[in-house]
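Undergrad: output the structure for:
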Amino acid sequence: CKKPNQIYLQTWHGTPLKRLGHDIIASDNATFYRSAMSFESMCQSYDIDVARYNYMISPNKFCTEVFQTSFGINRERLIETGYPRNDFITNATADDVKSLKDKFHLPMDKKIILYAPTWRDNSFVAAGYTFDLKADFHKWKDILGDEYVIVFKPHYLIINKYENDHSLDGFLYSISANAEINELYVLSDILITDYSSVFFDYAVLNRPIYFYMYDIDEYKGELRGFYLDIYKELPGKIYEYEKQMLLDIKNNVYDYSYLKIFNERFNSEQTGNCAQKVIDIVFKDI
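TA: You can find the predicted model right below:
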């Protein structure tokens, strides 16, 4: 329980692509999370927590609007500062990149692709969220050749079936789901993701982002829905088939104008001093 003299700062974990809380378009019998709670119970759990917030960080104007409807929080408690955790991304140097590659035992002379897919809401079994990975890393190795390596960071709820496949040694580096994602952003040259919101943060680096959405029809039809028009507003192209995506990566096919437009909308507050902006607001009367 929050004490009367405590300040509750909700930092949240990213700009959402998928609908949140009260904004979710749910069927009458929909359930959520591993506890299979109802839509009403899920929203109520948010409402109880939101009532305790003194401040909630918003990274951009988009989230300032979305958080008001999804969490039912009033505008006065939202502080539109950008995310302090992204100061590291904004301020990272070439020396940081080198030290991080050393830390994760990655080669210095190859391009590093970070593959960070999300979990699927509809694939839970007792052992965890299964993930029938439609990424054939053997094919990735054949097409990309010796110039690239893959850093694979599955969501912590995903079972990684490639973890002990030694035929991919030296090409595929499976990183613990508990690894600091910001460090993996900084050391990588390219991001491949799907419906995970990681691309909002990664875009700060102005590096290519590719969207591998092999199950896009099923995903948008059955699950939580999106806030963005993914065909028009993402900072990269959507691929349903991995071969074309891999060929585009190999041939440096990427339109950087995607990033310029996207960052103007979602990352204008990521100025490298977001932590200081939050401190100035939260501690202004102390």
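
Undergrad: which of the three states applies to residue 260?
TA: At residue 260, secondary structure determined by DSSP: H, G, I helix; E, B strand; the rest coil is helix.

Undergrad: gap between it and residue 249?
TA: From residue 260 across to residue 249, the span is 20 Å (Cβ to Cβ, to the nearest Å). Quick note: C-beta positions are derived from backbone N, CA and C, even for glycine.

Undergrad: mind saving the C-alpha coords of stretch 73-83 as PDB?
TA: Coordinates of each C-alpha in stretch 73-83 appear next as PDB, following Å, rounded to 0.1, in the frame of the first residue of the first chain:
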ATOM      1  CA  ILE A  73      -5.300   8.700 -16.000                       C
ATOM      2  CA  ASN A  74      -5.900  12.500 -16.000                       C
ATOM      3  CA  ARG A  75      -3.600  14.700 -18.100                       C
ATOM      4  CA  GLU A  76      -2.200  16.500 -15.100                       C
ATOM      5  CA  ARG A  77      -0.300  13.400 -13.900                       C
ATOM      6  CA  LEU A  78       1.300  12.600 -17.200                       C
ATOM      7  CA  ILE A  79       4.700  14.100 -17.700                       C
ATOM      8  CA  GLU A  80       5.800  14.200 -21.300                       C
ATOM      9  CA  THR A  81       9.600  14.000 -20.900                       C
ATOM     10  CA  GLY A  82      10.700  11.100 -23.000                       C
ATOM     11  CA  TYR A  83      12.100   8.000 -21.300                       C
END
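
Undergrad: show residues contacting it.
TA: Surrounding stretch 73-83, the residues in contact under the criterion Cβ atoms under 8 Å, 6 or more residues apart in numbering are 11, 14, 50, 53-61, 63-64, 67-68, 201, 267, 269-271, 274, 277-278, 281-282.

Undergrad: and the buried ones among those, selectable in ChimeraX?
TA: Paste this into ChimeraX to select the buried members of the contacts of stretch 73-83, with burial taken from 16 or more other Cβ atoms under 10 Å:
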select :14,50,53,55,56,57,58,59,60,63,64,67,68,201,267,269,270,274,277,278,282
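
Undergrad: so which of the contacts of stretch 73-83 sit within helices?
TA: With DSSP state H as the criterion, helices contain 50, 61, 63-64, 67-68, 201, 274, 277-278, 281-282 from among those.

Undergrad: quick one: low-confidence ranges for the stretch 151-286 of the chain?
TA: 154-165, 219-224, 285 (pLDDT under 70).

Undergrad: for the stretch 1-150 of the chain, give me the ranges with low pLDDT.
TA: Within the stretch 1-150 of the chain, the set of residues satisfying pLDDT under 70 comprises 34-35, 119-133.

Undergrad: quick one: residue 150 is in a strand?
TA: Yes. Assessed with three-state DSSP, residue 150 lies in a strand.

Undergrad: neighbours around it, how many?
TA: Here the neighbour count serves as a burial measure; for residue 150 (other Cβ atoms under 10 Å) it reads 22.
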